[in-house]
Each structure stands twice: as structure tokens, then as C-alpha cells.
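Visitor: heads up, no residue letters with this:
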């Protein structure tokens, strides 16, 4: 029997042997054994150092958000993480308080009237994402990995992109390969999300500490731009 594996989208695939029997792994996380420990150590050490450095900035942003418009300082939303585990992602609130329309979730768009004055600056500079450092310290996220999407968007795109859920074979990240390549922000066309998913899968298949460090350095240059709103 010759399996047509080339017709499948393989994620970190490998061939192993158990008790003399060959085993073909089609989809697996790269974070196993020492690689898992290395990734966790990277996240804990770097995120702790980053938190110490940005603590004064976090306080200043929190005050600005509170003074700019009524409502809480932080925004929480349910996201799917590693292996589909649900967690609450933290952000600085960048929009006025509003009620969602049913089960639909509207992405932020250019000149979105829901965005506050301070929120516009935070979104443009990606400073609204800084509280996710606490998600990393809690173990729900990593500094680098596929960006987690809203649950409603996961449902929508998984119906239209066959390999979409392969993104969940690793912890979601504050930044990722897709983001430093410019695939961020609102996705008006399905092709934009396809490119983001392709980059996420490429990251999983090629994960290393050096790739993470490279993405973190490139992130500083990709924080602002025309797609940040």
C-alpha cells in the first residue's frame, strides 16, 4: 500500500519506528522533549525581562486608556490556543464600549468609528498587544507563534481553508512569521488569510530558537504601517 501523502498538507511530518513497525506521522507539534523545554525557557526568561522593561509604559498606557473613554482598561476575548485550548487573551482596550451584534464579530477596519483616540494610537503602534506578555507568563501563549484569532473567525476560515487548524499545533504568539511578512490586520480577501496560514505552517515546520529570535528582532520594524489600525 502506497499512501498518497503528497496530496495532504503535512505539518512537521516524520517517519519513526515502534517495535520494528514503521510509523508515519502526518501532523505533529515540533515542541517535543528538549525542544519543548527550550521554547518554554525562552518564553519565561525573555518575557520576564521584557515585563521589567515595559512596566512603566504599561502604567502610562493604562492611565491614558482610562482617561480617554469610559470603560475598563483591558479588553479580554476568548481565543483558541495550542490544540484548540480556549483561553482569554488580554489587550489594552482600544474601542468604545459597544454591544456585539449576535454571534457576528466585525474586524477593525480603517477609520473604524469604534476606535478611541488613544486606541487609534495604540493599534497603529501595536502597543495594545503588550498585556499579552501576561498570557505568555501564564503559559497560554508564546512570544512567537501563529497569532490567535477570535473563535468566530476560526470557525469561518476553517470552513474555507483546508489546513487552517494546523496553526494550532503550537502555542499562539504575540508576534509571528506572518506578522513580520506584513500579513496582519484586517483580511478583506480570503487569499490574505491563506498567505497568513501558509506562513504559520512554514513557521511550525521550521521552528528553532534562532528563528524565534530573528522574528522578534524583525517585529520591531513591523510594529507600525498601513495595515496597523
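Guide: Structure received. Model, not experiment: these values are computed from the prediction.

Visitor: confidence score at residue 71?
Guide: Residue 71 carries a pLDDT value of 90.

Visitor: so what's the most centrally placed residue in the chain closest to, chain neighbours aside?
Guide: Nearest residue to the geometric centre of the chain (Cα atoms, centre = their mean): residue 147, 1.5 Å. Spatially, and ignoring its direct neighbours in sequence, residue 147 is nearest to residue 176 (5.6 Å; Cβ to Cβ, 6 or more residues apart in numbering). For glycine as for every other residue, the C-beta is placed from the backbone atoms N, C-alpha and C.

Visitor: how many other residues sit next to that neighbour?
Guide: Per other Cβ atoms under 10 Å, the neighbour tally for residue 176 reads 27.

Visitor: List the residue ranges of the protein that fall below the pLDDT cut-off.
Guide: 1-10, 12-14, 25-27, 98-111, 185, 222-229 (pLDDT under 70).

Visitor: measure residue 172 to residue 130 for me?
Guide: 16 Å (Cβ to Cβ, to the nearest Å).

Visitor: And the two? Which one has more around it.
Guide: residue 172 (26 against 20).

Visitor: Now that one. Nearest residue, chain neighbours left out?
Guide: residue 148 (3.7 Å).

Visitor: any idea whether the one you found is helix, strand or coil?
Guide: coil (DSSP: H, G, I helix; E, B strand; the rest coil).

Visitor: measure it to residue 75 for me?
Guide: Residue 148 is 14 Å from residue 75, by Cβ to Cβ.

Visitor: can you check residue 58 too?
Guide: With Cβ to Cβ as the criterion, residue 58 and residue 75 are 14 Å apart.
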